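**Q** Sequence first, then the predicted structure, then my questions.
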Amino acid sequence: MQSRRIGDVPVSAIGFGGMPISIEGRPDEDRSIRTIHAALDAGITLIDTADAYHIGAAEVGHNETLIAHALASYGGDTSAVLVATKGGHLRPGDGSWYVDGSPDYLKRACEDSLKRLGVDAIGLYQYHRPDPAVPYADSIGAIRDLLDAGKIRMAGISNANPDQIRQAREILGGRLVSVQNQFSPAFRSSEPELELCTELGIAFLPWSPLGGIKAAGSLGGAFAEVAERHGVSPQRVALAWHLAKSPVSIPIPGASRPETIIDSAAADSLELTTDDLAVLK
């Protein structure tokens, strides 16, 4: 699999989004582990998670724990795998979400993620979502402190606008390595953030790159047309489209079945022609 970079770390051009194996409708643990192992077998070396990927309030960090178990039980070498997690977005267990960007909370959340992942330092830690009640500079300052303390090796942000990207980069002393925003064929409002990341050389990690769990299976139109031309799935075309958008784009499709992530991983070898890209726009 071709590689791209997050900071100075080479990673696979396609990542694995762990959310579907921990939220509503999730598979049993055996299939979840097999799905993660299939991603590793396919050459994926970037795994995205968050402490908020769970259902009940009593299982915070379910996805982090699951990923740690999958890596520990994998028979191959996992030394090149980068696990990226996030803090600052929470689920109380009633189906709702809320945010807490206070520095004290972010530092506690990082400590808890360290324990669940079973590591001394988190490879990539990202501020999950801005908290309107807390100055953005204070939240990013906490991420900077975690970086300076060696609790995390790299720092990123998620659900950020261009001004927040520039501000975070300044507060982190130029050490901002990633931005994780929603971006897909059906949701393109993060185009300005992608362009800025390309300009600055910051990795852009599109979440829900296929449009979400429900939309992923129904990609049609130009994507279906190009897929038929190449004899592949529309989903594979969509991920190849992401890769063609920018050299800093690293889509992180979610998966709950081994077959799904295997198909997604193959997108990095799909070469879209100029005519293809003109149709996809």
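**A** Thanks, I have it.

**Q** can you give me the helices in this protein?
**A** Using DSSP state H, the helices of the chain run over residues 29-41, 62-73, 103-117, 136-148, 162-171, 191-200, 213-216, 221-230, 234-245, 258-265, 274-280.

**Q** Direction-wise, compare the longest one with helix 62-73 and give the angle.
**A** Computed by axes from the mean of the first three to the mean of the last three CA atoms, to 10 degrees, the angle separating helix 103-117 from helix 62-73 equals 30 degrees.

**Q** of all the helices of the chain, which lies closest to residue 129?
**A** Nearest of the helices of the chain to residue 129, taken as CB to CB: helix 136-148 at 9.8 Å. Quick note: C-beta positions are derived from backbone N, CA and C, even for glycine.

**Q** now that closest one: how far from the chain's centre is it?
**A** Relative to its chain's centre, helix 136-148 lies at 20 Å (CA atoms, centre = their mean, to the nearest Å).

**Q** Summarise which helices and strands that helix is packed against.
**A** Contacts defined by 3 or more CB pairs under 8 Å, 6 or more residues apart in numbering; DSSP states H and E place helix 136-148 against helix 103-117, strand 124-127, strand 155-158, helix 162-171.

**Q** Output that helix as CSV - backbone C-alpha positions only.
**A** Output in CSV follows, covering the C-alpha atoms of helix 136-148 (Å, rounded to 0.1, in the frame of the first residue of the first chain):
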residue,chain,number,x,y,z
TYR,A,136,-10.3,27.6,21.9
ALA,A,137,-6.9,28.8,22.9
ASP,A,138,-7.3,27.3,26.3
SER,A,139,-8.3,23.9,24.9
ILE,A,140,-5.4,23.9,22.4
GLY,A,141,-3.1,25.0,25.2
ALA,A,142,-4.0,21.8,27.1
ILE,A,143,-3.1,19.8,24.0
ARG,A,144,0.2,21.7,23.8
ASP,A,145,0.9,20.8,27.5
LEU,A,146,0.3,17.1,26.8
LEU,A,147,2.7,17.3,23.9
ASP,A,148,5.3,19.1,25.9
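
**Q** For it, which residues meet the burial criterion?
**A** Using 16 or more other CB atoms under 10 Å as the test for burial, helix 136-148 gives 136, 139, 140, 142, 143, 144, 146, 147.

**Q** what does that helix rub up against?
**A** Residues outside helix 136-148 that contact it (CB atoms under 8 Å, 6 or more residues apart in numbering): 88, 101-104, 106-107, 110, 125, 127, 130-131, 152, 154-155, 157, 164, 167-168, 171-173, 175.
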